[in-house]
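Enquirer: Compute the structure for the input listed below.
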Amino acid sequence: MTEISLSNAVIVAAVAFLAPLALGLAFLLFLAGLDVELGRLQGRLLRLAGLGFVLSLVFALTVGYALDAAGQVRSPLFVGIVLSATSLGLVAQILKAAGESEGEFGQLVLAAATIADFGTVILLSVLFSRNVGNLGSRLALLGSFVALVAAVGFGVARAGRSKLLSGALGRLGDTTAQIRVRGAVLLLIGFVALAERFGLETILGAFMAGVILRIVDQEATATHPHFRLKLEGIGYGFLIPVFFVSSGVEFNLPALLASRAGRIWQTQRQFR
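Expert: As a prediction, the model looks like this:
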């Protein structure tokens, strides 16, 4: 009889336990990248959306530095970038449910959300990566990472046009193999590992994986309409809720309330 290693079983169980915690945020950014339509970012729409993002970033930075002057935050730049971010996935779903996604207003909002999503992820990755020393090094690594991502995307797109591979994907896509879902998860984990290898934030790798998959698989809705639903089922049905629940468990609410109570007490003493 084959001897079973209990230590290996423990490792497998630990990986199964930690995977939702580690992949929840990555899958959220992956789905956000999957919503990005670079084709809509052109002409007047691009100019208006870009101007809107710049103005919102300036306003958010003003709020961040005002909070810093009041002694409420430690990194006003980080707060400003976070305040200017948005969730493209949520915006797209709301507009789609309201029937506004295809109109001029809906397209403008989607373009603005795309730029805000993409821009804030880039800024956070470049300015707040802890693994690389100075800004110049981060920009150089970012350029190299983007070039490598583009090369991988080009290779995946060429491979997808192969009759042999496309036929296999078509046959196995809706079977127990779920080959398209496995390929998407492989792309996600690969890009996350690549971003970490380059010393960048892993959220950038997850976001770029979604963007690349959207580019190379533009006919997804027509050829395999359930593919996106399967990915959203994995993300919103399992990984992402586990991530938010675990984040809520780690949130130290008593410390926040104690800090607020302490500030109120100090303020009252000053006016006595």
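Enquirer: in which helix or strand would I find the residue nearest to the spatial centre of the chain?
Expert: Computing the C-alpha centroid of the chain and ranking residues by C-alpha atoms, centre = their mean puts Leu29 first, at 1.8 Å. Here Leu29, judged by DSSP states H and E, is contained in helix 6-34.
Enquirer: Tell me the helix or strand right after that helix.
Expert: Downstream of helix 6-34, the first helix or strand assigned by DSSP H and E is helix 43-69.
Enquirer: List the buried residues for that next one?
Expert: By 16 or more other C-beta atoms under 10 Å, the buried positions in helix 43-69 come out as Leu45, Ala49, Gly52, Phe53, Ser56, Leu57, Ala60, Leu61, Val63, Gly64, Leu67, Asp68. In short, each C-beta sits where N, CA and C put it, glycine included.
Enquirer: Which other helices and strands does that helix contact?
Expert: helix 76-83, helix 104-127 (3 or more C-beta pairs under 8 Å, 6 or more residues apart in numbering; DSSP states H and E).
Enquirer: Make a markdown table out of these and add distance to Leu95 and mean neighbour count.
Expert: Shown next, in a markdown table, are the helices and strands packed on helix 43-69 (distance: least, C-beta to C-beta, whole Å; neighbours: other C-beta atoms under 10 Å):
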| stretch | distance to Leu95 | mean neighbour count |
| --- | --- | --- |
| helix 76-83 | 22 | 18 |
| helix 104-127 | 5 | 19 |
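Enquirer: Any idea which of those helices has the lowest pLDDT on average?
Expert: Of all the helices and strands packed on helix 43-69, mean pLDDT reaches its minimum on helix 104-127 (a mean of 82).
Enquirer: relative orientation of that one and helix 43-69 in degrees?
Expert: Counting by axes from the mean of the first three to the mean of the last three C-alpha atoms, to 10 degrees, helix 104-127 lies at 50 degrees to helix 43-69.
Enquirer: ok, and the closest non-adjacent residue to the residue nearest to the centre of the chain?
Expert: Ala206 (4.0 Å; C-beta to C-beta, 6 or more residues apart in numbering).
Enquirer: contact partners of the helix or strand harbouring that neighbour?
Expert: Using DSSP H and E, Ala206 sits within helix 202-216. Under the criterion C-beta atoms under 8 Å, 6 or more residues apart in numbering, residues 25-38, 117-118, 121-122, 124-125, 145-146, 149, 152-153, 156-157, 160, 184, 187-188, 190-196 lie in contact with helix 202-216.
Enquirer: again, only this time at 7 Å
Expert: Outside helix 202-216, the residues that touch it by C-beta atoms under 7 Å, 6 or more residues apart in numbering are 25-26, 29-34, 36, 38, 121, 125, 149, 153, 156-157, 160, 184, 187-188, 191-192, 194-196.
Enquirer: Just the buried ones among those residues, please.
Expert: Buried, going by 16+ other C-beta under 10 Å: 25-26, 29-34, 36, 121, 125, 149, 153, 156, 184, 187-188, 191-192, 194-195, out of those.
Enquirer: Contacts only, for Ala195.
Expert: Counted by C-beta under 7 Å, 6+ apart, Ala195 has contacts Phe145, Glu201, Thr202, Leu204, Gly205.
Enquirer: Between these, which sits nearest Leu229?
Expert: Gly205 (23.8 Å; C-beta to C-beta).
Enquirer: residues near the closest one, how many?
Expert: By the criterion of other C-beta atoms under 10 Å, Gly205 has 28 neighbours.
Enquirer: Tell me how far the residue nearest to it when sequence neighbours are not counted lies from Ala159.
Expert: Here the nearest residue to Gly205 in space, its sequence neighbours aside, is Ala195; by C-beta to C-beta, 6+ apart that works out to 3.1 Å. According to C-beta to C-beta, to the nearest Å, Ala195 stands 22 Å off from Ala159.
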